[in-house]
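> Just a sequence and a predicted model for now, questions to come.
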Amino acid sequence: MNIKQLLCILVLSSLFLSVPVAAEVEPFTIKHYFRHDYGTVSSALGDIDGDGEYDVVISTDTGELKAYTLSGKTLISKEFDLPARNLSVIRKGSERFIVFYNDKGFVYLLDSNGNIKWHLFFPNTKPINSVTTSDLDGDRVPEIIVGFKDATFSVYTLSGTQWKKEHDFYRFYTMKLYTAEFAAIHYSSWDNYPLDVKVDLSWIFPDVIASGERDPNIYLYDPTGKKVWQIENVYPIEHIYSGDITNDKEMEVITASYKYLQAFGLKGKLWQNILDSYIYSFGVGDIDRDGKKEVAAGTVDGSVYLFDSTGYKLWNEPISVGKDVRYVAIDDFTGDGIPEIFVAAGKWSSMKQEIDQGSFYIFSATGEKLSETKVNGPIKTISIVDIDSDGYKDVIVCSNFVFVFKNNFLTIFAGRHYSEGEKLLQRAQFDDSIKEFSKSKELYTKMGDAEAVKRCEKNIKTAVEYKALNAEALELFAKGNAELGNGDYKKAMESFTQAKRIFEKVGNKAMLATTDAMINETSSKLQPVAPQQVPVNITLIIIPLLALVAVVGGVVGFLFIRKRRKREMI
């Protein structure tokens, strides 16, 4: 190797080393964000303007109600005396409405332009605890349920008239289970509806778990208003879930009160776990796909726990995120049909009444941290929704900013499949390579990335071509082996040489090394045999040499003696 060749290699090596490796995109990145200059008290998502895309409604700590598109365009700006609480966006046909209450005892219904349709007033003797909506009678028009701190409630239609008087109902906390909409989703027909709640009016009135701030005890009422059981509870409920978690076709309810995570059924308490500190939120979902639901709960000291449907602890030790956990959910963020655990946490700010320095995390069912995303600000409310209909759940964080975080797992997995396809192609694993590129193409198609789809198609075409060439080379290799066995070394060499050229092209290194070995073996059989030489007798060589030496010595001696005699005569 001369000096010029060495310099060329060094230059090419330095250029190669200077090319940066493309970093994988972060699981969540900010798609939109905007500042609205107010602290958030409550927020809700919904299509306010009817354009088919989500908007966000926010109540501020100064009493203003704001509605924005997710790109930050203002849709509604209204001022009220006090902050709106329990915001929700509902619809009746093409009409959209906003519902909320405030601490002065007012419940409001606004139209999609922010105009007040009606408001109801409740005296201080009847303080409001919550406002929610549900289609109680199955007519596809939601009713508005106003819950009070004494665990009673009243129901109103969208026109503002009282649908049923308070004493006609049982006590209230949640109305999401065993309504007509629940039956339509979970049961194929009325005949399949659970017998234990199939009584008069049960398709309208659900069994209800009730609890309030002034009366934190937990009650169960059947659809006729009869109290089934009552359990003493010291602390007000922070979070509640109702649903069939044990897959027994019956309602269960999960509640969080102080450190207590409890489950109840139609016969009373099912289980109770006492965690290390205060619980503000938990999530429920079927993580292991067995039909039963798991419960993930977070505490203010930064611990996250996972329990099965019977309350059994699934992790030996809780996961620590080192921050105050205020929001937990179970949902599918990676698009594989298997839910993950979402946790939002931060440092609690007493002044702002929200968690600051916020972050949110995604954990697998085994507790593996799949992602950590810094919000770079406070977190007041969290919404999880697929904003762009790509099948992957996005995250919206509200405080004095609105951050719209785009879920990039689709991009990540598309890139990973593509990268794996390239590696397999280089290893000459053509079938597996085609599968990876095809999966990558499917994901890039979903993303609408036409250029990436073309790259996948090109690589699939190459892999198919190389697969056919590799099969041809294998046939040539087999042919060469057969010819070698028959002693036709020249034809064997030709077959092996052709196979080698193809293996080099398609990158089949294993077969290339094997073919080189066969070429060397065949080459050794093709080399001509050198003629045999007669062994040389060393004696026959030495005797003539000694004779020659003797003759030469004699001649030299004779000449020397003769010359000496001549000198003496003179």
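Done, it's in. Residues are numbered from 1 along each chain as shown.
> Buried residues, stretch 373-384. List them.
For stretch 373-384, burial by neighbour count (16 or more other C-beta atoms under 10 Å) applies to 373, 375, 377-384. Any C-beta I mention is one placed from the backbone N, CA and C, and that applies to glycine too.
> Output that stretch as PDB - backbone C-alpha positions only.
What follows is stretch 373-384, C-alpha atoms only, in PDB (Å, rounded to 0.1, in the frame of the first residue of the first chain):
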ATOM      1  CA  THR A 373     -41.900  13.900  28.900                       C
ATOM      2  CA  LYS A 374     -41.200  17.200  30.600                       C
ATOM      3  CA  VAL A 375     -44.000  19.800  30.400                       C
ATOM      4  CA  ASN A 376     -41.600  22.700  31.300                       C
ATOM      5  CA  GLY A 377     -44.400  24.300  33.300                       C
ATOM      6  CA  PRO A 378     -47.200  23.600  35.700                       C
ATOM      7  CA  ILE A 379     -50.000  21.000  35.200                       C
ATOM      8  CA  LYS A 380     -53.500  21.800  36.200                       C
ATOM      9  CA  THR A 381     -55.600  19.500  34.000                       C
ATOM     10  CA  ILE A 382     -54.800  16.600  31.700                       C
ATOM     11  CA  SER A 383     -56.800  15.300  28.700                       C
ATOM     12  CA  ILE A 384     -56.000  12.200  26.700                       C
END
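> can you pull out the helices in the protein?
3-18, 180-186, 409-426, 430-447, 450-485, 489-506, 509-526, 538-569 (DSSP state H).
> Now do the contacts for Gly105.
By C-beta atoms under 8 Å, 6 or more residues apart in numbering, the contact list for Gly105 reads 121-124, 126-128.
> try it again with 7 Å
121-124, 127-128 (C-beta atoms under 7 Å, 6 or more residues apart in numbering).
> Now Gly302. Its backbone dihedrals?
The phi/psi pair for Gly302 (degrees, to the nearest 10) reads phi 90, psi 10.
> In TSV: the buried residues of stretch 373-384, plus pLDDT and distance to Asp61.
Shown next, in TSV, are the buried residues of stretch 373-384 (pLDDT from 0 to 100; distance: C-beta to C-beta, whole Å):
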residue	pLDDT	distance to Asp61
Thr373	95	25
Val375	91	19
Gly377	79	15
Pro378	84	12
Ile379	88	15
Lys380	87	9
Thr381	88	12
Ile382	91	18
Ser383	91	19
Ile384	92	24
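> ok, these vs Leu512, which is closest?
Thr373 (46.0 Å; C-beta to C-beta).
> Setting aside sequence neighbours, what's the nearest residue to the residue nearest the centre of the chain?
Note on the chain: the residue nearest the mean C-alpha position is Thr334, at 2.7 Å, using C-alpha atoms, centre = their mean. Leaving aside its sequence neighbours, Thr334 sits nearest to Phe409 (C-beta to C-beta, 6 or more residues apart in numbering; 4.9 Å).
> wait, doesn't the one you found sit right on Glu340?
No: with contact defined as C-beta atoms under 7 Å, Phe409 does not count as touching Glu340 (9.8 Å).
> ok so, going back, would you check how far apart the residue nearest to the centre of the chain and Thr445 are?
Separation of Thr334 from Thr445 (C-beta to C-beta, to the nearest Å) stands at 18 Å.
> same deal with Tyr361?
Counting by C-beta to C-beta - Tyr361 and Thr445 are separated by 30 Å.
> Tell me which of those two has more neighbours.
The residue with more neighbours, out of Tyr361 and Thr445, is Tyr361; 20 against 14, by other C-beta atoms under 10 Å.
> who's in contact with that one?
With the criterion set at C-beta under 7 Å, 6+ apart, Tyr361 makes contact with 321, 343, 369, 371-372.
> Now, of the residues you listed, which are buried?
Buried residues within the contacts of Tyr361, counting neighbours by 16+ other C-beta under 10 Å: 321, 343, 371.
> what's the last one in contact with, if anything?
Just to be clear, that refers to Ser371. By C-beta under 7 Å, 6+ apart, the neighbours of Ser371 are 27-28, 361-362.
> try 10 Å this time
By C-beta atoms under 10 Å, 6 or more residues apart in numbering, the contact set of Ser371 is 26-28, 333-334, 340, 342, 360-363, 407-409, 412.
> Can you tell me which of those is closest to Ile240?
Closest to Ile240 out of the contacts of Ser371 is Phe342 (18.4 Å), distances taken as C-beta to C-beta.
> Now do the closest residue in space to that closest one that isn't next to it in sequence against Ile98, distance only.
Leaving aside its sequence neighbours, Phe342 sits nearest to Ala329 (C-beta to C-beta, 6+ apart; 4.4 Å). From Ala329 over to Ile98 the distance is 23 Å, taken as C-beta to C-beta.
> So for these two, which sits in the more crowded spot?
More crowded of Ala329 and Ile98, by other C-beta under 10 Å: Ile98, with 26 against 22.
> Contact partners for Gln357?
323, 345-349, 374-379.
> If we use 6 Å, what do you get?
By C-beta atoms under 6 Å, 6 or more residues apart in numbering, the residues touching Gln357 are 346-347.
> ok, so what distance separates it from Ser350?
From Gln357 to Ser350 the distance is 14 Å (C-beta to C-beta).
> How many neighbouring residues does Ile341 have?
Using other C-beta under 10 Å, Ile341 has 26 neighbouring residues.
> Identify the bridge partners of it.
Counting by DSSP bridges, Ile341 is bridged to Ile330, Phe363.
> Quick check: which ranges of the protein have low pLDDT?
Applying pLDDT under 70 to the chain flags the ranges 1-23, 136-138, 151, 163-210, 222-225, 527-570.
> Chain neighbours aside, what residue packs nearest to Asn447?
I think there's a mix-up here, since residue 447 is Met and not Asn. Nearest to Met447 is Leu410, by C-beta to C-beta, 6+ apart, at 5.9 Å.
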